[in-house]
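Participant: the following comprises the amino acid sequence and a computationally predicted model.
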Amino acid sequence: LYAVTVAYPKTAFLDVELDNDFGNLQDLPGFGSLNPRSEGVRTLGTLWSSSLFPGRCPEDWNLLLNYIGGSRDTGLADLSEEEVIAEVDKGCRQVLLKPDAPPPEVMGLKLWPTAIPQYELGHLQMMNELEEAEKEVDGLWVCGNYRTGVAFPDCVTYGYEHAKVVKKFLDDM
């Protein structure tokens, strides 16, 4: 999975009013966008960083954090960084930008070879076996986002709850 941060001038964005009085797309009124594979866009989703965190770029620009790749697009790993950036730019042009938008200002690119756990066939059975092993061995706890979900708040909540279990175990020794 790659995370690619790019910036474009606001004037490069489609000049359309969004439904439900959200505002003009050039102002990126919201959190971001997701791209279903059926849309033919290789970028998985885009966070509208300049809307989420004002002051991260000049007022007449928009900053976008794009996620591209993943377990269903393993071929991306064979591309050069320039080719990955070109794929992100192509996706932005398909969804957000005018056809004559200038090239992006690339702010950063990061590759995570094993970014998000994939709950493949058999995962639930493996989790059941893990729970049984924990019951059989006092003081064994196996924790991680593969147990409770990849969302940061879920991981933190699980960590706090499991810390209480570990503390009780240690207090009772």
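Facilitator: Alright, I've got the coordinates.

Participant: and Trp61, what does it touch?
Facilitator: Residues counted as contacts of Trp61 (C-beta atoms under 8 Å, 6 or more residues apart in numbering) are 7-10, 50, 105. The C-beta positions use only the backbone N, C-alpha and C, and glycine is treated the same way.

Participant: filter these to the buried ones?
Facilitator: Among the contacts of Trp61, those classed as buried by neighbour count (16 or more other C-beta atoms under 10 Å) are 7-8, 10, 50.

Participant: in strands, which of these fall?
Facilitator: Secondary structure from DSSP state E places 7-8 of those in strands.

Participant: helices and strands around the top helix by length along the chain, which ones?
Facilitator: Determined from DSSP state H, the single longest helix within the chain is helix 152-171. Using 3 or more C-beta pairs under 8 Å, 6 or more residues apart in numbering; DSSP states H and E as the contact criterion, the secondary-structure elements in contact with helix 152-171 are helix 145-148.

Participant: pull out the buried residues from the helix it packs on.
Facilitator: By 16+ other C-beta under 10 Å, the buried positions in helix 145-148 come out as 146-148.

Participant: gap between it and the chain center?
Facilitator: Centre-to-centre, helix 145-148 and its host chain are 16 Å apart (C-alpha atoms, centre = their mean, to the nearest Å).

Participant: quick one, helices of this protein?
Facilitator: Under the criterion DSSP H, helices of the chain are mapped to 49-52, 81-95, 123-136, 145-148, 152-171.

Participant: weakest of the ones you listed in terms of mean pLDDT?
Facilitator: Here the helices of the chain differ in mean pLDDT, and the lowest is helix 145-148 at a mean of 80.

Participant: contact partners of that one?
Facilitator: Counting by C-beta under 8 Å, 6+ apart, helix 145-148 makes contact with 117, 119, 123, 127, 130, 154-155, 157-158, all of which sit outside it.

Participant: at 10 Å instead, please
Facilitator: Under the criterion C-beta atoms under 10 Å, 6 or more residues apart in numbering, residues 116-119, 123, 126-127, 130-131, 151-152, 154-159, 161-162 lie in contact with helix 145-148.

Participant: same check on stretch 117-131?
Facilitator: Outside stretch 117-131, the residues that touch it by C-beta under 10 Å, 6+ apart are 70-72, 140, 142, 144-150.

Participant: please consider this matter closed, and thank you.
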